[in-house]
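J.: Predicted model and sequence follow; I will ask about them next.
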Amino acid sequence: MTAAERVDDQHVDDRYLDYAGSFNRLEDEVCLAAPPESAMSELTADFSALAARVAEHRVDYDRRPTRYAGMSGLPHPILVPYEVHEDGPTSTSGTVEFGLRHMGNENVVHGGIISMMFDDFIGMFVSRSLGSGSSARTAYLNVDYRSMTPVGRPLSVSAEIASVQGRKAFVEARICDGETLCAEAHALFVCPADQMWPGVAGLGD
Ligand SMILES: CCCCCCCCCC(=O)SCCNC(=O)CCNC(=O)[C@H](O)C(C)(C)COP(=O)(O)OP(=O)(O)OC[C@H]1O[C@@H](n2cnc3c(N)ncnc32)[C@H](O)[C@@H]1OP(=O)(O)O
């Protein structure tokens, strides 16, 4: 599923993707640059003015494009964009590309960003799979970092529901660079007590 195919919400359209994408570009450049003192003062003033301009357009929670974009893997100021290629009731897979703004050590992804990507990717998958009306909450997310994760090229990402026990969904996920396992996650997502997973055939207790 490409970003364009996922632009089906009134809150997220092509203009929003350009807007968020250009902000991502700015974040990448800020992470790479060491402006001299004079340029830094000028840029600080420009950033402050820009923040004030954007602040003129603040809206309530439900009308914010970031709420929908971030939950769909689309370009977002903070979350990591990804594409879902295969999506079934118990498993999902796609691609993720980390940007320069996600770097920890040179040319590799910061470990905390990898955990954030897993949380978003798995949380949305669980919500799609076990019930769109249910809001999955991360109870735990254990990440094993197996090899350095490169920035700037497409990596594969996949997840599957290992089991569902009442309100608990146990999920496993991984990010790979070709044949190389970069990181894997073991997570528990819990459905709120006043809701219940609609359930998946073949899973459950
Ligand atoms: C449509 C929108 C979808 C959005 C998805 C986007 C992805 C983002 C997802 C997130 O990041 S959510 C934000 C991060 N997570 C949190 O802030 C959750 C904070 N914690 C809680 O709200 C509650 O602790 C929690 C909902 C996880 C559980 O509280 P509950 O009162 O609902 O349940 P309870 O404590 O009774 O636990 C239910 C079961 O889960 C088990 N459990 C809960 N936390 C556990 C834990 N940490 N480890 C192991 N087991 C755990 C607990 O033992 C129990 O097992 P049993 O039913 O077998 O007795």
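T.: Perfect, thanks for sending it. Numbers count the residues shown, from 1 in each chain.
J.: Can you work out which other helices and strands pack against the helix or strand encompassing residue 117?
T.: When secondary structure is defined using DSSP states H and E, the element that contains residue 117 is helix 111-130. In terms of contact count using 3 or more C-beta pairs under 8 Å, 6 or more residues apart in numbering; DSSP states H and E, helix 111-130 is assigned the packing partners strand 82-87, strand 91-96, strand 137-145, strand 155-165, strand 168-177, strand 180-190. Any C-beta I mention is one placed from the backbone N, CA and C, and that applies to glycine too.
J.: got JSON lines for these, with mean neighbour count, distance to the ligand and mean pLDDT too?
T.: What follows is the helices and strands packed on helix 111-130, written out as JSON lines (neighbours: other C-beta atoms under 10 Å; distance: least, C-beta to the nearest ligand atom, whole Å; pLDDT from 0 to 100):
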{"stretch": "strand 82-87", "mean neighbour count": "16", "distance to the ligand": "13", "mean pLDDT": "95"}
{"stretch": "strand 91-96", "mean neighbour count": "19", "distance to the ligand": "13", "mean pLDDT": "97"}
{"stretch": "strand 137-145", "mean neighbour count": "14", "distance to the ligand": "4", "mean pLDDT": "97"}
{"stretch": "strand 155-165", "mean neighbour count": "19", "distance to the ligand": "7", "mean pLDDT": "96"}
{"stretch": "strand 168-177", "mean neighbour count": "20", "distance to the ligand": "5", "mean pLDDT": "97"}
{"stretch": "strand 180-190", "mean neighbour count": "19", "distance to the ligand": "4", "mean pLDDT": "97"}
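J.: pLDDT wise, what is the residue lying closest to residue 95 once chain neighbours are set aside at?
T.: Across the structure, with C-beta to C-beta, 6 or more residues apart in numbering as the measure, the residue nearest residue 95 apart from its sequence neighbours is residue 154 (4.5 Å). At residue 154, the pLDDT value in this model is 98.
J.: hang on, the earlier thing: the helix holding residue 117 near the ligand at all?
T.: Yes: Helix 111-130 lies within reach of the ligand by C-beta under 6 Å from any ligand atom, at 119, 120, 123, 124, 127.
J.: Does the residue of the chain most remote from its centre belong to a helix, a strand or coil?
T.: Here the chain has its C-alpha centre computed as a mean, and the residue farthest from that point, by C-alpha atoms, centre = their mean, is residue 38 with 35.7 Å. Secondary structure for residue 38, judged by DSSP: H, G, I helix; E, B strand; the rest coil, is helix.
J.: Contact partners for it?
T.: When contacts are counted by C-beta atoms under 8 Å, 6 or more residues apart in numbering, residue 38 touches no other residue.
J.: How about the contacts made by residue 120?
T.: Residue 120 makes contacts with 70, 71, 73, 79, 80, as judged by C-beta under 8 Å, 6+ apart.
J.: returning to that earlier point: from what I see, the residue nearest to residue 95 and residue 98 are in contact.
T.: No: counting by C-beta atoms under 8 Å, residue 154 stays clear of residue 98, with 9.8 Å between them.
J.: Looking at the two, which has the bigger crowd around it?
T.: Set residue 154 next to residue 98 and count neighbours by other C-beta atoms under 10 Å: residue 98 wins out with 24 against 13.
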